[in-house]
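In: need a structure here:
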Amino acid sequence: MTNLLREYIRQILLAEAADAGRLFTNELESRFESRRGGALAVSFPDGCEVRFVIGPALVPPFGDDDTPIARWDFIATLDSAGREDESCYQKGYARIAMEQVLDIADKHGVILSGTPDAFGDISTADDEVLTRFYSSLGFAPGRFGYMERKPR
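Out: Numbers count the residues shown, from 1 in each chain. This next block holds a predicted model:
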């Protein structure tokens, strides 16, 4: 009987976590501008924008932690035509976009996971700089070599 009750409670928690993941994804799509390839964007008055791709928040099929995880696939600071432009770098735009996403993740109890990889050809950020950037936002080494940020 105890095992049945435990399994029933687990199924309820999994359903709630799946709902949180869907709400997270829906809120991202409603708050940010849509771009080709499933990218979302934040535009800034000077014509620069930050584009990013985040996979859907899923409940992992492993461990005792039923917290949904969303994979951060990439983030790039670009001009409005989607090209790399050095005049858009080092203005804090990526941090602004990330903080907005993190607020939504926190609201819905979603872990964000990703790797600190540089995007594009002219970016001056190397893996060390990007690791410091993500660390400053609360990301830490996580599962499978990814950096993760747990909801707050």
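In: Tell me where the longest strand sits in the chain.
Out: strand 69-79 (DSSP state E).
In: Identify the residues contacting that one?
Out: Applying CB atoms under 8 Å, 6 or more residues apart in numbering, the contact partners of strand 69-79 are 21, 24-25, 47-60, 84-85, 87-89, 91, 93-94, 97-98, 105, 110-114, 117, 119-120, 146, 148. From N, CA and C alone the C-beta is placed, and that goes for glycine too.
In: Where helices are concerned, which of those count?
Out: Counting by DSSP state H, the part of these found in helices is 21, 24-25, 93-94, 97-98, 105.
In: Closest to S135 out of the residues you listed?
Out: M98 (12.1 Å; CB to CB).
In: what about the closest one, how many residues close to it?
Out: Using other CB atoms under 10 Å, M98 is surrounded by 24 other residues.
In: Tell me the spacing between the residue nearest to it when sequence neighbours are not counted and A105.
Out: Excluding its sequence neighbours, the residue lying closest to M98 (CB to CB, 6 or more residues apart in numbering) is L137, at 5.6 Å. For L137, the distance to A105 (CB to CB, to the nearest Å) stands at 11 Å.
In: Tell me which residues of stretch 49-68 come out buried.
Out: Neighbour-count burial for stretch 49-68 flags 49-54, 57-59, 67-68 (criterion: 16 or more other CB atoms under 10 Å).
In: what two of the residues you listed are the furthest from one another?
Out: That would be E49 and V59, which, of these, are the farthest apart (CB to CB) at 31.4 Å.
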